[in-house]
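> I'd like to go over a predicted model; first the sequence, then the structure.
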Amino acid sequence: MEDLLKNTKHKVVGTKQTLKALEKREASMVIVARDAEDKVIRPVISLCEANNIEVQYVDSMIQLGRICGIKVKAAVAAITE
C-alpha cells in the first residue's frame, strides 16, 4: 500500500480533497492516519462505508504525509482512478 501511494500520480491528499473525490466517485482506496481526530476522519470513513470503498490505515499523520510526498501531516489521502 505504501509503495502504491508513493508511486501513483493519481492521488489526492487531505480531508477536503478526499471527500470531493469520494463524492465524485473517483476514489478507489482511502488511507487514514490512526492518530487523526475522529471529527476529521469520521465523514470520510462514513462515505467510504456507504460506497464500498476500501479503507487502509497508517500509524500517524506524519507517516501519511511522508508517504504522500508532502512536508506536512495528513489525516487522509485517496488513490483516484
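Everything's here; your move. Residues are numbered from 1 along each chain as shown.

> alpha carbons only for contacts and neighbour counts from here, please
Noted.

> which residues touch Gln17?
Applying Cα atoms under 8 Å, 6 or more residues apart in numbering to Gln17 gives no contacts.

> just the buried positions in the longest helix belonging to the chain, please.
In the chain, ranked by residue count with DSSP state H as the criterion, the top helix is helix 38-50. Neighbour-count burial for helix 38-50 flags Ile41, Val44, Ile45, Cys48 (criterion: 16 or more other Cα atoms under 10 Å).

> quick one: the strands in the protein?
11-13, 27-33, 54-58, 76-80 (DSSP state E).

> winner for burial among these?
Mean neighbours per residue, mean count of other Cα atoms under 10 Å, is largest over the strands of the chain for strand 76-80, with a mean of 25.

> so what strands line up beside that one?
Strand 76-80 has these partner strands in its sheet, going by DSSP bridges: strand 11-13 (antiparallel), strand 27-33 (antiparallel).

> of those strands, which is nearest Ile79?
Between Ile79 and the strands paired with strand 76-80, the tightest spacing by Cα to Cα is seen for strand 11-13, at 4.4 Å.

> so for that closest one, mean pLDDT?
Averaged over strand 11-13, pLDDT sits at 94.

> ok, and what's touching it?
Residues outside strand 11-13 that contact it (Cα under 8 Å, 6+ apart) are Leu5, Thr18, Ala21, Cys68, Ala74, Val76, Ala77, Ala78, Ile79, Thr80.

> lowest-confidence entry in those residues?
In terms of pLDDT, the weakest of the contacts of strand 11-13 is Leu5, which scores 71.

> name the nearest residue to Ile62, ignoring sequence neighbours.
Nearest residue to Ile62 in three dimensions, chain neighbours excluded: Lys73, at 4.6 Å (Cα to Cα, 6 or more residues apart in numbering).

> count the residues that sit near the one you found.
18 (other Cα atoms under 10 Å).

> partner residues bridging the closest residue to Thr8 other than its chain neighbours?
What sits nearest to Thr8 in space, not counting adjacent residues and going by Cα to Cα, 6+ apart, is Ile79, at 7.7 Å. In this entry, Ile79 is beta-bridged to Lys11, Met29, by DSSP bridges.
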